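1. fold the following for me, if possible:
(2 chains)
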Number of protein chains: 2
Amino acid sequence: MMYGGRTLDNIFSNPVAAANIVDDPVLFVKSALSDLEPEEFESVSGFPMLKEAQGWILFDCTCKKGKDISVVEFSPREAKINKRTIKPVNRGFNAVIEAAIHATRYVILKEPEYLERINYYDTIVKKCGGTREKVAMRLLYELIGHQKSAYQ
Amino acid sequence: MMYGGRTLDNIFSNPVAAANIVDDPVLFVKSALSDLEPEEFESVSGFPMLKEAQGWILFDCTCKKGKDISVVEFSPREAKINKRTIKPVNRGFNAVIEAAIHATRYVILKEPEYLERINYYDTIVKKCGGTREKVAMRLLYELIGHQKSAYQ
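-> Presented below is the predicted three-dimensional model:
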């Protein structure tokens, strides 16, 4: 089920979609809160896929347009695995993902509770994250207009 | 740095330690809040490793005992990768990990704020988790003595 928005408009005009499986926290934050650069994509079967993805799935979409909510069915057409890895749980990485989700709400609704959640996850990133997670959080704060002195 | 406790006592009496890399949320909850069954382990180089682990690292430990805090240095001696996978981010899985961490604090301190955090992560598991994550949360609530009707 999807509400209206740019993603839904795109699927209606061209009923294909790609899921990129990504493990770089910076790429997550960038794609959640801004537009990625064209050079971060490569063309696969005429579709732009992320070069850095661990793998991707290309879906054919069937759309049933509703008034407020539309239903889109995704049928996998093609998939590729670029790299298989072994990764221990990284609480810092996971915290970046949650922070990025709250950030997408914060930039639209500006409600302080989202910023509080982001700051909470930031404490986990500071404690458990690696360099890449800390770069991602600094970028997140920049993209939502809250530069934190601790990350300068 | 480690505070006193059973893990530290074990390392002092036998200065080796193993890190098991695990991707099953049920195994995480079980090992955080209870003791695993002997049949969940296999002996590797005379050391018990989790059969279900994606991989493990065996460390030699050098211990410097302090009054409150001891310092343990881990030097990898041997490692094995059992399986490499490609896994998309699973917010439900990540929420189980956070809930399990708060649960380890809750069972000791019984402070309601930990239970609130667990309940918060539980809403994410309900929304984003798969079957295995839901089984893990049900077990978590059982092990901390709070059976939630929604999981019966």
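
2. sheet partners, orientation included, of the lengthiest strand in chain A?
-> Looking across chain A with DSSP state E, the single longest strand is strand A:69-81. The strands beside strand A:69-81 in its sheet (DSSP bridges) come out as strand A:2-3 (antiparallel), strand A:55-64 (antiparallel).

3. so what touches that strand?
-> Defining contact as C-beta atoms under 8 Å, 6 or more residues apart in numbering or on different chains, one finds that strand A:69-81 is touched by A:1-4, A:8, A:11, A:16-17, A:44-45, A:54-64, B:86. The way it works is simple: take the backbone N, C-alpha and C, and place the C-beta from them, glycine included.

4. derive a ChimeraX selection command for the buried subset of the residues you listed.
-> A single ChimeraX command selects the buried members of the contacts of strand A:69-81 (16 or more other C-beta atoms under 10 Å in any protein chain shown):
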select /A:8,11,17,54,55,56,57,58,59,61
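
5. on that earlier part again, and the strands paired with strand A:69-81, which one averages the lowest pLDDT?
-> When the strands paired with strand A:69-81 are compared on mean pLDDT, strand A:2-3 scores lowest, with a mean of 72.

6. let me have the strands paired with strand A:69-81 in TSV, extended by distance to residue A:32.
-> Output for these, formatted as TSV (distance: least, C-beta to C-beta, whole Å):
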stretch	distance to residue A:32
strand A:2-3	17
strand A:55-64	17
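
7. among those, which comes closest to residue B:93?
-> Closest of the strands paired with strand A:69-81 to residue B:93 is strand A:55-64, at 17.7 Å (criterion: C-beta to C-beta).

8. check the offset of that closest one from the chain's centre.
-> Its chain's average C-alpha position is 17 Å from that of strand A:55-64, according to C-alpha atoms, centre = their mean, to the nearest Å.

9. and stretch A:81-98, by the same measure?
-> With C-alpha atoms, centre = their mean, you get 13 Å for stretch A:81-98.

10. what mean pLDDT does it get?
-> Stretch A:81-98 shows a mean pLDDT of 95.

11. and that stretch, how far apart are its ends?
-> 25 Å (C-alpha to C-alpha, to the nearest Å).

12. which ones are touching the residue nearest to residue A:8 when sequence neighbours are not counted?
-> Excluding the flanking residues, the one nearest residue A:8 by C-beta to C-beta, 6 or more residues apart in numbering or on different chains is residue A:2, at 4.9 Å. Residues in contact with residue A:2 (C-beta under 8 Å, 6+ apart) are A:8, A:11, A:69, A:70, A:71, A:72.
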